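Asks: requesting a structural model of the entry that follows:
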Amino acid sequence: MAGHSKGGNKAQYVTVLSDKVDRCISMDGQGFSQEFIDKYYAEIQKKGHCIKNYYLEGDFVSILMFSVPGSDQICIDGDDSVIGAENHAASSFYQFWQDEEGRWHIRCDADGNTALIPGTREDSMVYLHEFTTFIINVMPEDERERAGDYIGHILALVFVPDAHFDVDGKRYTPDDLVEYLLSDPDMLAKVLAYFIKYVETYNLSEDEIRSLAELLIIKRIIAVMKRSS
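Replies: From the prediction side, this is the model:
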């Protein structure tokens, strides 16, 4: 069983719940809620080790929610040229090089096999992962899924130039970021409130606060709220 992004999440889900799957390769797959992990504790104990989730250093999807206990989480140093949306592209797991005639090749190991180069998750993504899991832990249960979807959609609109998704019959693209932020003003206010609570709880440094605020476009959100008030 294999998949990328949401497909990676689904591949992990099927692996946990199906006796017909004994190996899962997930690429940039997001995790699961604590409720899912608690509900399927026995199944996860049996099948968690079957899952390998590969994620890029700067990926902004695999940081969401909780990893399946017992699974392998493997960070990959992808193509050095990738930025923005390409940090969540399956092709970016491979490093490329150009020969003297201008032809592109995938970097391979000494045996000629396509190579995945181990990496280390970027600090900014570590902060964002910790913040999203903090929200999931402290937010009331009936709001967690809504908050996860809201933050995930914001990140997609910020990082992916051709992102698009439908909510309540409305299609949103990166050009509609402000409109999407204002589509749920209650959740927008809560995300900001939890951001402040997170900073206070963990006594973040100025660099940590700045990095996380830039990822969550906090300045832009505050400006939007001021205009709408």
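Asks: phi first, then psi, for residue 26.
Replies: phi -110, psi 140 (degrees, to the nearest 10).
Asks: measure it to residue 53 for me?
Replies: Computed as CB to CB, to the nearest Å, the residue 26 to residue 53 distance reads 4 Å. Quick note: C-beta positions are derived from backbone N, CA and C, even for glycine.
Asks: intersection of neighbour lists for those two?
Replies: The overlap between the contact sets of residue 26 and residue 53 (CB atoms under 8 Å, 6 or more residues apart in numbering) consists of 8, 12.
Asks: the more surrounded of those two?
Replies: Between residue 26 and residue 53, residue 26 has the larger neighbour count (other CB atoms under 10 Å), namely 32 against 24.
Asks: ok, the residue nearest to that one when sequence neighbours are not counted - contacts?
Replies: Nearest in space to residue 26, with sequence neighbours left out and distances taken as CB to CB, 6 or more residues apart in numbering, is residue 8 at 3.4 Å. Residues touching residue 8, when contacts are defined by CB under 8 Å, 6+ apart, comprise 2, 26, 27, 28, 29, 30, 53, 62.
Asks: now, of those residues, which are buried?
Replies: With neighbours counted by 16 or more other CB atoms under 10 Å, those contain buried members at 26, 27, 28, 29, 30, 53, 62.
Asks: max pairwise distance over those: which two?
Replies: Pairwise distances across the buried ones among the contacts of residue 8 peak at 11.3 Å for 27 and 30 (criterion: CB to CB).
Asks: touching both of the two, which residues are there?
Replies: Taking CB under 8 Å, 6+ apart as the contact rule, the neighbours common to residue 27 and residue 30 are 5, 8.
Asks: show me where pLDDT drops low in the protein?
Replies: Along the chain, the parts satisfying pLDDT under 70 run over 80-87, 219-229.
Asks: what residue lies at the spatial centre of this protein?
Replies: The residue at the geometric middle of the chain, judged as the C-alpha nearest the mean C-alpha position with CA atoms, centre = their mean, is residue 61 (1.6 Å).
Asks: surely that residue meets residue 151?
Replies: No - under the criterion of CB atoms under 8 Å, residue 61 is not in contact with residue 151, lying 11.1 Å apart.
Asks: ok so, going back, out of the contacts of residue 8, who's nearest residue 161?
Replies: Distances from residue 161 to the contacts of residue 8, taken as CB to CB, are shortest for residue 28 (17.1 Å).
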